[in-house]
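just coords:
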DNA sequence: TCCGAATGGTCTGTTTCGGACGGTGTGAGT
DNA sequence: ACTCACACCGTCCGAAACAGACCATTCGGA
């Protein structure tokens, strides 16, 4: 039932997604990620299978296994899991992300700025287009949390495009 | 000499830093990181010792070991290492960073936006202050690659502050 | 001289992650 | 009805990342 290894960020992602779905298989989680979260936070395939198993072992999830065929595992939150999730959501975090951008890294170490800028621009512009499309669907209503996350991504993509455009022009960003 | 394993981003960080220093011990690298790169890309302690060892084994670095006392390892680039580094720097990358921001994650999953915003603001503002200070030292001259990296970080910090301020005010970002 | 801080280095247990690989269901064409 | 191709679903492996505890050396000052 309950030993308590520490819960990682990935753990809370899994808990949240299962909470939203009520009950879910790892594959459901994978699809759920690609539907929304995946726009700004990738969760590798293998983790989506490994993590629920650990969470079940620690008592945060209940597991029901199909007998025939695919032997899917269906997970849902236990009371303990729900409590942990609520606590996590209730606690605002002051952690923040690092930049950790491969393009910036090369720039830092002296890679030629112009070609780097144009390679980066083409991919950032494409991504910006996608996010703008998503943002348009939100419309003018007050955005939900998930929609705020999209808008955050949008702001940063705009910043990236602005930055690399300046670099491409040889101007001070 | 024997070239087997694939070079990771961390590998190129190590190669770059050693290239800049001419010759360096892991501890030198650690200090070098905290001097500049660390502003936007953390490299955990242990890696800075482990990675040069692997690179040396694969023939990218030469190793000289002190006999007495601390038995420091001094590394420098081999011809192979230099070639690999040049190739990496010459190749512009189209990879880009994900957002992967813990605050955005909580927002996405329905955490209450206001307290989250104020927690995030206090730390982002502080960081913004530091970067603005660094940026001022650059002055109006054309920035080096390392300085461009600082300016990129600055732009994103401004965006974070803008975003969370809007959220705190309950307005659409 | 001795103590404690700063410096410098190593080890261990977990977790992450990409990718290869292997089964299972299904429906389009025969 | 058959089967073959492809999408669906799950597991496994090894390399690397990572936190952080722990050990050893050097040095400055009371």
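Yes, it's here. Quick caveat: nothing in here was measured; it's all calculated off a predicted structure. Numbers count the residues shown, from 1 in each chain, chains lettered A, B, ... in the order given.

How about the helix or strand containing residue A:89, which residues are buried there?
In this assignment (DSSP states H and E), residue A:89 forms part of helix A:79-90. Buried residues in helix A:79-90, counting neighbours by 16 or more other Cβ atoms under 10 Å in any protein chain shown, are found at A:80-81, A:84-85, A:88-89. The C-beta positions use only the backbone N, C-alpha and C, and glycine is treated the same way.

For the spatially most central residue of chain A, give its distance to residue A:112.
Of all residues in chain A, the one closest to the mean position by Cα atoms, centre = their mean is residue A:41, 2.3 Å from it. Residue A:41 sits 31 Å away from residue A:112, taking Cβ to Cβ, to the nearest Å as the criterion.

The worst-scoring helix or strand of chain A on mean pLDDT vs helix A:79-90, what angle?
Sorting the helices and strands of chain A by mean pLDDT, DSSP states H and E puts strand A:61-65 at the bottom, at a mean of 91. Relative orientation of strand A:61-65 versus helix A:79-90 (axes from the mean of the first three to the mean of the last three Cα atoms, to 10 degrees): 130 degrees.

counting contacts, what elements does strand A:61-65 pack onto?
helix A:45-57, strand A:73-77 (3 or more Cβ pairs under 8 Å, 6 or more residues apart in numbering or on different chains; DSSP states H and E).

Start and end of stretch A:135-152, how far apart?
According to Cα to Cα, to the nearest Å, stretch A:135-152 extends 10 Å from its N-terminal end residue to its C-terminal end residue.

what does it contact?
A:36, A:39-40, A:131, A:134, A:154, B:99, B:101, B:104-105, B:107-111, B:113, B:163, B:167, B:170, B:172-173 (Cβ atoms under 8 Å, 6 or more residues apart in numbering or on different chains).

Quick check: mean pLDDT of it?
Predicted confidence along stretch A:135-152 averages 93 (mean pLDDT).

Just the buried residues of it, please?
By 16+ other Cβ under 10 Å, the buried positions in stretch A:135-152 come out as A:135, A:138, A:143, A:145-152.
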